[in-house]
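> structure of the sequence below:
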Amino acid sequence: MNIIVERYEIAIERIRQMPEESKVEAPFALFFKTAARKIITLDRVYRLLKEKKPEDFTLEQLRERNDLLFSHLYPEHYEKDFSNPAFAVKELGETFGPLLCYLFDSVTGADIIRNIYRDKLELVTLWLELFIEVYNYFENPQDVIYDNIRNTLYSFEKDNAEIFMENIIDERINPSNDFATNIVMDSDLEDLRYLYRYGEYIGPNETGMAQYLNTLSEEQIDRLAFVYTEGYRTGFIQTGKDLSKKGTVDIRYHIGFERIIRAAVKNFAQMGLKPVIYPGGYETTGCNRQYRYDHKFDQALYLDKAYIKRKLEVVRQVYEAKKEIAKMMAGPAVIEVFGEMPFAPENKKEALHLNDVQQKLNVKYMTDYQQIVQEYIRGDERSFTIIAFPIPEFGENFEEMFDATVKINTLDVEKYKNVQQKIIDVLDQAEYVKVIGRGKNKTDMTVQMNLLKHPEKETNFENCLADVNIPLGEVFTSPRLTGTNGKLHVSQVYLNGLKYIDLEITFRDGKIADYTCNNFSTEEENRSYIKENVMYNHETLPIGEFAIGTNTTAYVIANRYDVVYKLPILIVEKMGPHFAVGDTCYSWQEEVKTYNPDGKEIVARDNEISVLRKTDVSKAYFGCHTDITLPYDELGEITAVTPEGKEITIIRDGRFVLAGTEFLNKPFDEKE
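Below you'll find the predicted structure:
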């Protein structure tokens, strides 16, 4: 018996005794007994996984086991579960409730379940030993002191940073971690029992998606996989990067898409790339989005300067030790999904939040972490691709929408290339561009363009077609910040799965100067919501991108099914002008020369913030890029204004009016 197994057995034996003991006083006794029983259940599942294979169980038995593991997080049970910070504080008090809520989730929640399935016994054992250590304090009332418990949790996170980060980083770069790859490549994908091998919540979206893809022919699956992988390959060609130097690809997808992923893995193999597939790279829609939201800032319990310093030291050590593996990474190939019912979270006062000091520390950590990663996985040597498909939760028109999405993803590249070039030719004449809303929309933006020194061979805008960013349909630039002013207003938008009502952002010299929305009853809550989830706790962010979406086909289809609110930003950004706050589209790759199909070099790869990388890289990047789209029906005009004051309107009242772009109005006309 090795040392990890021995430690695990000792921990489990101790936890098995807890439900029968009476040393812990109320109200904490119920907490520890409940957690112990759930851990004992996890242990039974762990032993079953060691003894038997999925095919030894019926599909119904596997579903029941999945329910057994995750049901405490279901919305109908979550309200009275210790994973819920509101319930934990109510039952355990304001002092210990947040600490024990964090502990309860750590030893019973989604992370430990997936580690049980992946046989990450060391990680599981560490958490069980922590649980016992905290339990020991509560056995002795004189030891139940806030600082004792908090310091124990803090020390645990800091002292084990090396183990945790090495595991995370290795999983994200090393193809020998083939747990998920084996599921994709070796399972009988017509037998849905394979879904339960992951150790993730499996719900109607996952089973429904797998069932639907099983109705498609191999030829149809291969076509879908080809669009996905060919976009990836083309991304390297378009930017002049050498794919042959790479050996791995970071594959990200939603569970249920394995038939497409299997075909994609074979396509990537022909490019010389091995798959790297890891938790977080594969995911499900989850059993409770409020649960995820409640725990997004759990690190507030232990995040301080010393912890950040230690974590960054470990990150560098791990990457240095694995630098030969890291440099082989070619970048992510992502399949996004859409169609979930809208989610407007409850902002619970009991949930942990970062204070002002921690927000600044976390921003610094993300910046420094990104810099380290860039040293070992160079941005100027890698690429990506991203594509999106609907999932069954979309509704009764799911199959129609899936077919429509395939259409959106495979539009005529040549037609769009030529039409978008006409738009770019006008925009390249502009000193600035006016973007004005209509009706109740308050948008009034002046967007400053960069000066083209050699317009005969240079351009500000990228002609974005179906390669790294699928579907096609936008022209975009990194605008000049100085002189870019005004207000951006969207009546309703979903950003990273969260709903915003009447989102307003005011820009001054291209940076956020003010912001608000109407999600909550108080201005403080509204501003906090935006700062945490759009600005990622930065005090301000610059405009990293200004773009005009041209995919009117996607817009009309979305409105036909009344599902604009369900679409991912990947598609929505092609359905009108949009502004991205954060980094530019060329972050960490500014020195890579990029060209449009007409041969002109795209020179607007920097702005006044990103160029600071040449003197102080810590001031140049923010680690985020959030697109905010103004839909055509809220758009009054987009007009290019030349240095001589000549105005050339591209869009008026939601329709393209520039000569040569009439083709883009065809979907609107067909709808009407």
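
> got a list of what residue 485 touches?
Residues counted as contacts of residue 485 (CB atoms under 8 Å, 6 or more residues apart in numbering) are 445-446, 507-510. Placement of C-beta: from N, CA and C, glycine included.

> and it, how far from residue 436?
Here residue 485 is placed at a distance of 13 Å from residue 436 (CB to CB, to the nearest Å).

> quick check: neighbours shared by those two?
Between them, residue 485 and residue 436 share the contacting residues residue 445, judged by CB under 8 Å, 6+ apart.

> pLDDT wise, what is residue 381 at?
According to the prediction, residue 381 has pLDDT 92.

> and for it, the neighbour number?
19 (other CB atoms under 10 Å).

> residue 598 now?
Neighbour tally, residue 598, other CB under 10 Å: 13.

> gap between it and residue 417?
For residue 598, the distance to residue 417 - CB to CB - is 9 Å.

> what touches both of those two?
residue 463.

> other SSEs contacting the host helix or strand of residue 112?
If you go by DSSP states H and E, residue 112 is part of helix 110-117. Under the contact criterion of 3 or more CB pairs under 8 Å, 6 or more residues apart in numbering; DSSP states H and E, helix 110-117 touches helix 28-51, helix 59-70, helix 121-139.

> and the contacts of the lowest-mean-pLDDT helix or strand in the chain?
Lowest mean confidence among the helices and strands of the chain (mean pLDDT, DSSP states H and E): helix 569-572, at a mean of 72. The contact list for helix 569-572 (CB under 8 Å, 6+ apart) reads 336, 338, 386-388, 408, 469-471, 493-496, 551, 554, 558, 564, 578, 626-627, 629.

> quick one: buried ones out of those?
338, 386-388, 408, 469-471, 493-495, 551, 554, 558, 564, 578, 626-627, 629 (16 or more other CB atoms under 10 Å).

> out of these, list just those in helices.
For these, the ones inside helices are 408, 554, 558, with DSSP state H as the criterion.

> need the contact list for the second one.
With contacts defined as CB under 8 Å, 6+ apart, residue 554 is in contact with 408, 471, 473, 567, 571, 574-575.

> which pair in those spans the largest distance?
473 and 567 (13.0 Å; CB to CB).

> between the ones in helices among the buried ones among the contacts of helix 569-572, which is closest to residue 104?
residue 558 (40.6 Å).

> quick one: pLDDT of the closest one?
79.

> residues contacting it?
For residue 558, counting by CB under 8 Å, 6+ apart, the contacting residues are 564, 567, 571-572, 575.

> widest-spaced pair of those?
564 and 571 (9.4 Å).

> okay, buried residues for the strand ranked longest in the chain please.
Criterion DSSP state E: the longest strand present in the chain is strand 480-495. Of all the residues in strand 480-495, those buried under the rule 16+ other CB under 10 Å are 480-481, 484-495.

> stretch 110-127 now?
Quick answer for stretch 110-127 (16+ other CB under 10 Å): 110-118, 120-127.

> just stretch 38-51 next, same as before
In stretch 38-51, residues buried by neighbour count (16+ other CB under 10 Å) are 38-39, 42-43, 45-46, 49.

> show the average pLDDT along it.
Mean predicted confidence for stretch 38-51 is 96.

> next: stretch 90-110.
Computed over stretch 90-110, the average pLDDT equals 97.

> now stretch 622-635
90.

> in the stretch 151-300 of the chain, which spans are helices?
Using DSSP state H, counting those that start in this stretch, the helices of the stretch 151-300 of the chain run over 161-173, 179-186, 204-213, 218-238, 258-270, 289-294.

> so what touches the last one?
What that stands for is helix 289-294. Contacts of helix 289-294 (CB under 8 Å, 6+ apart): 73, 75, 78, 83-85, 286, 343, 345-346, 348, 351, 497.

> could those residues go into JSON lines alongside pLDDT and secondary structure?
Formatted as JSON lines, those follow (pLDDT from 0 to 100; DSSP: H, G, I helix; E, B strand; the rest coil):
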{"residue": "73", "pLDDT": "96", "secondary structure": "helix"}
{"residue": "75", "pLDDT": "95", "secondary structure": "helix"}
{"residue": "78", "pLDDT": "97", "secondary structure": "helix"}
{"residue": "83", "pLDDT": "97", "secondary structure": "coil"}
{"residue": "84", "pLDDT": "98", "secondary structure": "coil"}
{"residue": "85", "pLDDT": "98", "secondary structure": "helix"}
{"residue": "286", "pLDDT": "90", "secondary structure": "coil"}
{"residue": "343", "pLDDT": "79", "secondary structure": "coil"}
{"residue": "345", "pLDDT": "85", "secondary structure": "coil"}
{"residue": "346", "pLDDT": "89", "secondary structure": "coil"}
{"residue": "348", "pLDDT": "94", "secondary structure": "coil"}
{"residue": "351", "pLDDT": "95", "secondary structure": "coil"}
{"residue": "497", "pLDDT": "74", "secondary structure": "coil"}
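
> most neighbours out of those residues, which is it?
residue 84 (27 neighbours).

> skipping adjacent residues, who's closest to that one in space?
Spatially, and ignoring its direct neighbours in sequence, residue 84 is nearest to residue 78 (5.3 Å; CB to CB, 6 or more residues apart in numbering).

> next up, the contacts around the one you found.
By CB under 8 Å, 6+ apart, the neighbours of residue 78 are 72, 84, 288, 290-291.

> repeat that for 6 Å
84, 288, 291 (CB atoms under 6 Å, 6 or more residues apart in numbering).

> distance of it from residue 296?
Where residue 296 is concerned, residue 78 sits at a distance of 15 Å (CB to CB).

> what do you get for residue 428?
Residue 428 is 42 Å from residue 296, by CB to CB.

> again with residue 214
35 Å.

> just to revisit the earlier point, of the contacts of residue 485, which belong to helices?
Among the contacts of residue 485, no member falls in helices (DSSP H).

> neighbour count added to these, as JSON lines?
Formatted as JSON lines, the contacts of residue 485 follow (neighbours: other CB atoms under 10 Å):
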{"residue": "445", "neighbour count": "26"}
{"residue": "446", "neighbour count": "15"}
{"residue": "507", "neighbour count": "25"}
{"residue": "508", "neighbour count": "13"}
{"residue": "509", "neighbour count": "15"}
{"residue": "510", "neighbour count": "25"}
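
> of all those, which two lie farthest apart?
For these, the farthest-apart pair by CB to CB is 445 and 509; their separation is 12.7 Å.
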